[in-house]
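In: Attaching a predicted model along with its sequence, questions to come.
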Amino acid sequence: MNIQIPYGRSGMDIEVPDKNLIGIFEAELPPAAPDQAAEVRRALDEVIGSEPLEKLAAEAESCVIIASDHTRPVPSRILIPEMLRRLRLGNPDIQVTILIATGCHRATSDAELRAKFGDEIVDGERIVIHDSHDESMLADLGLLPSKGRLRINKLALECDLLIAEGFIEPHFFAGFSGGRKSVLPGIAAAGTVMANHCADFINNPFARTGILENNPIHHDMLFAAKKAKLAFIVNVVINGKKEIVKAFAGDMQSAHEKGCEFLRKYSQIPAVSADIVITSNGGYPLDQNLYQSVKGMTCGEAVCRPGGVIIICAACSDGHGGKAFYETLKNAVSPEELLKEISRVPQDKTAPDQWQYQILARILSRNKVIVVTGDCDLSLIREMKIPAVSSVGEALEIAFDTVGADGRIAVVPDGVSVIVSGD
């Protein structure tokens with residue numbers, strides 16, 4: 001059978017032997033909104049748990065819009081103009097700053113800003129790129145429930161109105177993306193992000209895809225957003241083509257929860273315990289590097305039996321995505337030993353990228369992972385002790401050698417768009 005897998009900007013066609021295929025498992029979202037901008041306007045008209053954005057703007061002299069960075073497929077070209085229109089309808093003189101929520105990622109380039117927002121926004125609006133390591137940008141808000149220090153970009157505290165755009169998708173340890181994540185990790189200090197992503201929290205069984213209740217990472221994030229006085233969000237659910245399916249606007253917590261409820265209905269797939277799982281990281285921009293592609297691997301982990309093989313199709317055109325991530329995997333004796341080392345790291349000593357290599361080590365200690373890419377130096381991935389090949393055909397040869405020629409194959413085309421039942 002020929003199956004289309006999201007990969008980079010173009011996609012990848014793969015062939016799977018019919019006799020081995022047990023199913024193709026996908027989120028079954030409703031069709032994209034026929035007019036995506038109109039869907040955002042509808043959400044702004046039908047706000048959830050909040051006054052309309054225009055009314056909030058009328059009472060403010062300044063506003064900061066937290067916006068996603070280059071690693072997130074948020075349709076900002078649609079969201080930001082609609083948000084700006086409502087703000088200025090309520091107050092034509094309001095001073096607006098767009099604050100790019102990079103978290104601990106590299107800075108977004110000018111070209112990436114223009115691709116994401118369009119020239120009119122980039123040339124006509126004040127845009128500031130958050131730097132989690134720049135002390136001059138940060139302000140202290142006390143302690144998180146986890147006892148980590150809460151420090152965020154001070155622009156968020158100096159404005160009269162703090163709002164955010166974003167998208168909601170299943171998230172591999174925060175439960176869902178969107179909502180409160182705009183503040184933590186979006187505009188938080190590096191140390192704050194590390195405290196929130198500590199070894200104990202990542203290891204917590206509730207810190208998994210699709211889980212908010214009892215999730216300590218979500219609990220910290222929600223506290224941070226409330227402390228920052230995030231007043232209003234516009235979040236969207238998008239399909240595999242990055243088109244808006246549904247928009248949610250209003251109160252940071254209740255609008256986000258409504259969006260999560262909507263998405264959950266359409267994104268559940270069964271845990272089938274396959275011998276081989278073929279999946280992806282949803283294509284560009286989420287598969288820009290191996291670091292981000294761990295997200296898709298967690299879907300494979302949930303669908304694949306212990307000892308089985310996860311094949312992840314990811315362009316990784318930006319390389320490994322994190323120096324500490326790369327060096328740690330490269331130098332690790334084994335995934336099991338690495339997990340033991342991480343388990344001994346206290347919260348206040350959490351290292352950069354630790355959460356990502358902790359999750360990857362967890363997966364590698366249970367399953368063989370093979371990366372399929374035609375856009376990254378294969379030796380770089382192999383240096384991290386992960387097999388890498390340039391085609392799914394090659395990956396399947398290795399997989400069948402591992403599990404046998406009768407290995408049962410599950411295909412999850414977009415691993416970051418699904419919630420595995422029981423996860």
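Out: All right, it came through fine.

In: Disregarding residues adjacent in the polypeptide, which is nearest to Ala351?
Out: Once flanking residues are discounted, Ala351 sits nearest to Ala324: 6.2 Å by Cβ to Cβ, 6 or more residues apart in numbering. Every C-beta, even on glycine, is put in place using the N, C-alpha and C of the backbone.

In: again, but for Met252
Out: For Met252, ignoring the flanking residues on the chain, the nearest one in space by Cβ to Cβ, 6+ apart is Leu230 at 4.6 Å.

In: what does Lys241 give?
Out: Lys241 sits nearest to Ala32 (Cβ to Cβ, 6+ apart), 7.1 Å away.

In: ranges for the helices of the stretch 301-423 of the chain?
Out: 323-331, 335-343, 354-364, 378-383, 392-403 (DSSP state H, counting those that start in this stretch).

In: coming back round to it: which residues touch the residue nearest to Met252?
Out: By Cβ atoms under 8 Å, 6 or more residues apart in numbering, Leu230 lies in contact with 66, 156, 162-164, 180, 182-183, 252.

In: what separates it from Ala164, distance-wise?
Out: Separation of Leu230 from Ala164 (Cβ to Cβ, to the nearest Å): 6 Å.

In: Overlap of the contact sets of the two?
Out: With Cβ under 8 Å, 6+ apart as the test, Leu230 and Ala164 both reach 66, 182-183, 252.

In: Filter those residues down to the ones in strands?
Out: Ile66 (DSSP state E).

In: any idea which of the shared contacts of Leu230 and Ala164 is the one closest to Ile80?
Out: Ile66 (11.1 Å; Cβ to Cβ).

In: thinking again about what came up before, which SS class is the residue nearest to Lys241?
Out: Secondary structure, DSSP: H, G, I helix; E, B strand; the rest coil: Ala32 is coil.

In: wait, isn't it in contact with Val245?
Out: Yes - at 5.7 Å, Ala32 and Val245 qualify as touching, with contact defined as Cβ atoms under 8 Å.

In: Kindly state the pLDDT recorded for the residue nearest to Met252?
Out: For Leu230, the model assigns a pLDDT of 98.

In: Would you mind measuring from it to Glu165?
Out: From Leu230 to Glu165 the distance is 12 Å (Cβ to Cβ).

In: average pLDDT for stretch 371-387?
Out: Confidence for stretch 371-387, expressed as mean pLDDT, is 97.

In: and what of stretch 266-285?
Out: 95.

In: now do stretch 25-41
Out: The average pLDDT within stretch 25-41 is 96.

In: If you count neighbours, what's buried in it?
Out: Judged by neighbour count using 16 or more other Cβ atoms under 10 Å, the buried positions of stretch 25-41 are 25-27, 29, 32-33, 36-37, 39-41.

In: right, and out of these, which lies closest to Trp355?
Out: The shortest approach to Trp355 among the buried residues of stretch 25-41 belongs to Ala27, at 24.6 Å (Cβ to Cβ).

In: Does that closest one touch Arg264 like I think?
Out: No - contact criterion Cβ under 8 Å: Ala27 and Arg264 do not qualify, at 10.1 Å.

In: which SS class is Val236?
Out: Under three-state DSSP, Val236 comes out as strand.

In: quick one, what contacts it?
Out: Here Val236 is in contact with 39-40, 74-75, 79, 166-168, 244-248, 259 (Cβ under 8 Å, 6+ apart).

In: gap between it and Ala255?
Out: In terms of Cβ to Cβ, Val236 sits 11 Å off from Ala255.

In: picking that back up, shared neighbours, Ala32 and Val245?
Out: Contact criterion Cβ under 8 Å, 6+ apart; residues bridging Ala32 and Val245 by contacting each: Asn239.

In: Identify the contacts common to Val236 and Ala255.
Out: Overlap of the contact sets of Val236 and Ala255 (by Cβ under 8 Å, 6+ apart) consists of Phe248.

In: rewinding a little: what is in contact with Leu230 and Glu165 at once?
Out: 66, 182.

In: in the sheet, who's paired with Ala247?
Out: Applying DSSP bridges to Ala247 gives these bridge partners: Val236.

In: give me every residue that touches it.
Out: With Cβ under 8 Å, 6+ apart, Ala247 has these contacts: 33, 39-40, 42-43, 234-237.

In: any idea how far it is from Ile381?
Out: Counting by Cβ to Cβ, the gap from Ala247 to Ile381 is 37 Å.

In: quick revisit: any of the contacts of Val236 buried? List them.
Out: Buried members of the contacts of Val236, scored by 16+ other Cβ under 10 Å, are 39-40, 74-75, 79, 166-168, 244-248, 259.

In: Now, the residues you listed that are in strands?
Out: Those of the buried ones among the contacts of Val236 lying in strands (DSSP E): 166-167, 244-248.

In: Could you identify the most distant pair in those?
Out: Taking Cβ to Cβ as the measure, those have their most distant pair in Gly166 and Val245, spaced 14.5 Å apart.

In: Pretty sure Ile163 sits in a strand.
Out: Yes - Ile163 sits within a strand when classified using three-state DSSP.

In: What is the burial count for the closest residue to Ala388 other than its chain neighbours?
Out: With Cβ to Cβ, 6+ apart as the measure, Ile381 is the residue that lies nearest to Ala388, at 3.8 Å, once sequence neighbours are left out. A total of 25 residues lie near Ile381 under the criterion other Cβ atoms under 10 Å.

In: Relative to Asp119, how far out is Ile381?
Out: Computed as Cβ to Cβ, the Ile381 to Asp119 distance reads 36 Å.

In: Repeat that for Val96.
Out: For Val96, the distance to Asp119 equals 17 Å [Cβ to Cβ].

In: Which of these two has more residues huddled nearby?
Out: Between Val96 and Asp119, Val96 has the larger neighbour count (other Cβ under 10 Å), namely 20 against 10.
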